[in-house]
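Visitor: this one's sequence-less:
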């Protein structure tokens, strides 16, 4: 089932390359902050489509109509992410404060225990964040549903904690592999061009710079948007396994 989710999400994310370019252009201006909320809002729309769809269905990619609504959704997503992230941060700060009041080996031991607990809390918080966003989308965007902890926990219990964590780890691995492979292919191509140019007496510096620019452009306008849709679609489909 997990492999079916990955297969569906990989194919779904490549349905419309124009969408990837548009997301890339929005991402280009994300340093202005406001466009960044449009990106998170669009990813939320992908999740919303997924939680109301089925694996290997014919769901279309969301459009870009009603940008104000997409922006508001993006703000809601960021708020949910921040509030859940505060939990492991607070836990870490508490252990750091306690460790700071103690000297010697005890301080190190408490800090080590704190780091372990913080890591576990971070994993749980991240999973609750993703499932919380799915739960919010499934309940017609009701913001409070993103924090319906017991309902979200029940959903995760139904799916299986191990399956959820395994799926999420798989997403991280796939994301890294695709990013590295694409960058490596472009790097190899332009390295070959650079070596060929050097043999012919041409300064390869310009070729390497061009390669770096193309690599950045491909990452921003194609690979980055593709992977963000892939991850959002996968999480949304994972949520449907308990419906």
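Guide: The structure has been received and is ready for your questions. Since the structure is predicted, the reported quantities are computational estimates derived from the model, not experimental observations.
Visitor: would you mind measuring from residue 236 to residue 171?
Guide: Shown here: residue 236 relative to residue 171, a distance of 12 Å by CB to CB, to the nearest Å. No exception for glycine: its C-beta is placed from N, CA and C like everyone else's.
Visitor: which of the two has more neighbours?
Guide: Using other CB atoms under 10 Å, the more surrounded residue of residue 236 and residue 171 is residue 236, with 27 against 22.
Visitor: pLDDT score for that one?
Guide: Residue 236 carries a pLDDT value of 96.
Visitor: for it, what are its contacts?
Guide: Residue 236 makes contacts with 46-51, 53, 134, 137, as judged by CB atoms under 8 Å, 6 or more residues apart in numbering.
Visitor: which helix or strand contains it?
Guide: helix 224-239 (DSSP states H and E).
Visitor: so residue 53 sits against residue 233, correct?
Guide: No. With contact defined as CB atoms under 8 Å, residue 53 does not count as touching residue 233 (9.1 Å).
Visitor: so between the two, which is more surrounded?
Guide: Higher neighbour count among residue 53 and residue 233: residue 233, with 27 against 18, using other CB under 10 Å.
Visitor: so that one makes contact with residue 14?
Guide: No. Counting by CB under 8 Å, residue 233 does not reach residue 14; the two are 11.1 Å apart.
Visitor: what about the helices in the protein?
Guide: Along the chain, counting by DSSP state H, helices occupy 2-13, 17-28, 34-51, 67-100, 105-138, 149-159, 161-199, 205-218, 224-239.
Visitor: to residue 60, which of those helices lies closest?
Guide: helix 34-51 (7.7 Å; CB to CB).
Visitor: now do that closest one against helix 105-138, angle only.
Guide: 70 degrees (axes from the mean of the first three to the mean of the last three CA atoms, to 10 degrees).
Visitor: quick one: helix 34-51 to chain centroid distance?
Guide: 11 Å (CA atoms, centre = their mean, to the nearest Å).
Visitor: in it, what's buried?
Guide: In terms of neighbour count (16 or more other CB atoms under 10 Å), helix 34-51 has its buried residues at 35-51.
Visitor: circling back: got TSV for the helices of the chain, with distance to residue 59 too?
Guide: Output for these, formatted as TSV (distance: least, CB to CB, whole Å):
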stretch	distance to residue 59
helix 2-13	7
helix 17-28	13
helix 34-51	5
helix 67-100	17
helix 105-138	13
helix 149-159	20
helix 161-199	18
helix 205-218	26
helix 224-239	8
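Visitor: can you flag the weakest of these by average pLDDT?
Guide: helix 205-218 (a mean of 83).
Visitor: report all helices and strands that that one contacts.
Guide: Contacting helix 205-218 under the criterion 3 or more CB pairs under 8 Å, 6 or more residues apart in numbering; DSSP states H and E are the following elements: helix 161-199.
Visitor: now do the buried residues in the helix it packs on.
Guide: For helix 161-199, by 16+ other CB under 10 Å, it's 164, 167-168, 171, 174-175, 182, 186, 190, 193-194, 197.
Visitor: which secondary structure elements does it contact?
Guide: Going by 3+ CB pairs under 8 Å, 6+ apart, helix 161-199 lies up against helix 2-13, helix 105-138, helix 205-218, helix 224-239.
Visitor: right, so these: which one is the most enclosed?
Guide: Mean neighbours per residue, mean count of other CB atoms under 10 Å, is largest over the helices and strands packed on helix 161-199 for helix 224-239, with a mean of 24.
Visitor: now that helix and helix 205-218, what's the angle there?
Guide: 30 degrees.
Visitor: centre of the chain to helix 224-239, how far?
Guide: 7 Å.
Visitor: relative orientation of that helix and helix 17-28 in degrees?
Guide: Using the same axes, to 10 degrees, the direction of helix 224-239 lies 110 degrees away from that of helix 17-28.
Visitor: just the angle between helix 224-239 and helix 2-13, please?
Guide: Taking the same axes, to 10 degrees, one finds helix 224-239 and helix 2-13 inclined to each other by 140 degrees.
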